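In: when you get a sec, could you give me coordinates for this:
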Amino acid sequence: MNHVTVVLMGLLFVAAGYLSYRHYVNAKALLYDWAQANRFRILHARRGMFLPLSMMFTTSRYQVVYHVSLYDESTHRIRTAWVRLGTRYWGVMDGDAIDVRWEDAS
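Out: As a prediction, the model looks like this:
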């Protein structure tokens, strides 16, 4: 490999890393914007590695899933949910690309 190839490969890896980082930053921002719009306060949020079966087979690799604990300001309760962010095929982070599965029955 010559010098130009090495530089181009390095730039490719840096660009891929940056795009991946931006994807997760946008997902986190979308999660917090959704919570604020629905009068929730996020107490704890972690990326879900082991999804519930209802989400496991319907989530694409472009989507980001968080398991969250929320304080519901309207009912003054703590609730937990799985929140899937991003569109199915491209993972685009827009306001309509949010799917929430509540763990409690209400």
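
In: just want the most central residue of this protein.
Out: Per C-alpha atoms, centre = their mean, the C-alpha nearest to the average position across the chain is that of Val64, at 3.4 Å.

In: tell me which helix or strand of the chain sits lowest on mean pLDDT?
Out: helix 53-56 (a mean of 84; mean pLDDT, DSSP states H and E).

In: so which bits of the next helix or strand after that one are buried?
Out: As assigned by DSSP states H and E, the chain's next helix or strand after helix 53-56 is strand 64-72. Of the residues in strand 64-72, those buried by neighbour count under the rule 16 or more other C-beta atoms under 10 Å are 64-70. C-betas here are computed from N, CA, C, even on glycine.

In: check which helices and strands the helix or strand following strand 64-72 is in contact with.
Out: Going down the chain from strand 64-72, the next helix or strand is strand 77-85, by DSSP H and E. Applying 3 or more C-beta pairs under 8 Å, 6 or more residues apart in numbering; DSSP states H and E, we find strand 77-85 packed against helix 3-37, strand 64-72, strand 98-102.

In: could you list the low-pLDDT ranges of the chain?
Out: 105-106 (pLDDT under 70).

In: switch the cut-off to 50
Out: Under the criterion pLDDT under 50, no range of the chain is flagged.

In: quick one on the thing from earlier: give me whichever of the helices and strands packed on strand 77-85 is most buried.
Out: strand 64-72 (a mean of 19; mean count of other C-beta atoms under 10 Å).

In: quick one: that strand to chain centroid distance?
Out: Put simply, strand 64-72 sits 10 Å off its chain's centre (C-alpha atoms, centre = their mean, to the nearest Å).

In: got the CA coordinates for it in PDB?
Out: The C-alpha trace of strand 64-72 is given here as PDB (Å, rounded to 0.1, in the frame of the first residue of the first chain):
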ATOM      1  CA  VAL A  64     -31.300   2.400  19.000                       C
ATOM      2  CA  VAL A  65     -33.200   0.900  21.900                       C
ATOM      3  CA  TYR A  66     -33.000   2.300  25.500                       C
ATOM      4  CA  HIS A  67     -34.400   0.900  28.700                       C
ATOM      5  CA  VAL A  68     -35.500   4.000  30.700                       C
ATOM      6  CA  SER A  69     -36.800   4.800  34.100                       C
ATOM      7  CA  LEU A  70     -38.900   7.900  34.000                       C
ATOM      8  CA  TYR A  71     -40.600  10.100  36.600                       C
ATOM      9  CA  ASP A  72     -44.100  10.900  35.300                       C
END
